[in-house]
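A.B. asks: Structure, please.
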Amino acid sequence: MSQFRGAPKYYRLKEHLRTLAAAGEPGSLLPTERALAAEFGTSRTTVRQAIGELVAEGVLDRQQGHGTFVAYNRPTYVRQLTSFTEDAGAQGLRSSSRVLGISTVAAEGEAAVRLELPEGSALTRVERIRLINDEPLAHETALLPGELPDLAQALERTGSLYAALQESYGVRITEAEDTVQTRLAGPDEVALLGLEMGFPLLMVHRLGLAGDRPAEWTRSLFRGDRFRFQARRHRD
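C.D. replies: Below is the predicted model:
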């Protein structure tokens, strides 16, 4: 690890573990934190930091009570300016959703501003877990203007919120604006996405327009190790 001389100890250990992972087979077990700490003359806290960053990067997998393993290659979802279902299909990935709830709520705060609605206006709230190849990728909450009766059935039939909006309610999302921020997983994401506390996430707020009218305000929390954002813009 001479090329990393002068770097923090956890980083030197991290790059050594990265080399071990590259040489190992997916699913192979790494030495225990205690063994690594003894081998490299460092604390288990330092070992945990190095492993934690590699888990976040998708290089390693950590299973409570079982140890740390070389990660299997998992598909990476690329976010574009279309629907989740369309994005996944274009990448040859199998998308699905688990609906946590559909309800009517009152517009307030930022949602009312973004959707250009008076405070207290009716919104339809759709909360889902988005999955890629049956593995949880994102926790998504969409707010849509008005009440949308029978939306659950429309979603079940189409599998896509955008398709359901267009086919059942005549609302076609024609433009979308995404804002991306970083965030660490809290108790909700730990429970819903099967992550460790503090796991890095990317939070995407999307404002969807139907023509020039706001028609969607969605917050999505994606696991940071399996998400990339891609945007393309043409200039005249």
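
A.B. asks: Low-confidence ranges, the chain, go.
C.D. replies: Flagging of the chain using pLDDT under 70 yields the residue ranges 1-7, 73-83, 85-89, 229-236.

A.B. asks: Show me where the chain has its helices.
C.D. replies: Assigned helices in the chain, in chain order: 9-23, 33-40, 44-56, 84-90, 109-114, 151-158, 161-169, 187-193 (criterion: DSSP state H).

A.B. asks: who's in contact with residue 148?
C.D. replies: Neighbour list for residue 148: 124, 154, 165, 168, 169 [criterion: C-beta atoms under 8 Å, 6 or more residues apart in numbering]. Every C-beta, even on glycine, is put in place using the N, C-alpha and C of the backbone.

A.B. asks: sorry, back to before: with residue 65 as the reference, name the closest of the helices of the chain.
C.D. replies: Closest to residue 65 of the helices of the chain, according to C-beta to C-beta: helix 33-40, at 12.8 Å.

A.B. asks: Run through who's touching the closest one.
C.D. replies: 9, 13, 16-17, 30-31, 43-44, 46-48, 51, 68.

A.B. asks: Check stretch 152-167 too.
C.D. replies: Outside stretch 152-167, the residues touching it (C-beta under 8 Å, 6+ apart) are 83-86, 95-97, 99, 102, 126, 142, 144, 148, 151, 168-169, 171-173, 215-216.

A.B. asks: how long is it end to end?
C.D. replies: 13 Å (C-alpha to C-alpha, to the nearest Å).

A.B. asks: Give me the buried positions along it.
C.D. replies: 154, 155, 158, 160, 161, 162, 163, 164, 165, 166 (16 or more other C-beta atoms under 10 Å).

A.B. asks: So what pairs up with the nearest residue to residue 97 once chain neighbours are set aside in the strands?
C.D. replies: Among residues not flanking residue 97 along the chain, residue 128 sits closest, at 4.6 Å (C-beta to C-beta, 6 or more residues apart in numbering). Beta-bridge partners for residue 128, by DSSP bridges, are residue 99, residue 140.

A.B. asks: Residue 176 versus residue 128, what's the distance?
C.D. replies: Noted for residue 128: a distance of 17 Å to residue 176, by C-beta to C-beta, to the nearest Å.
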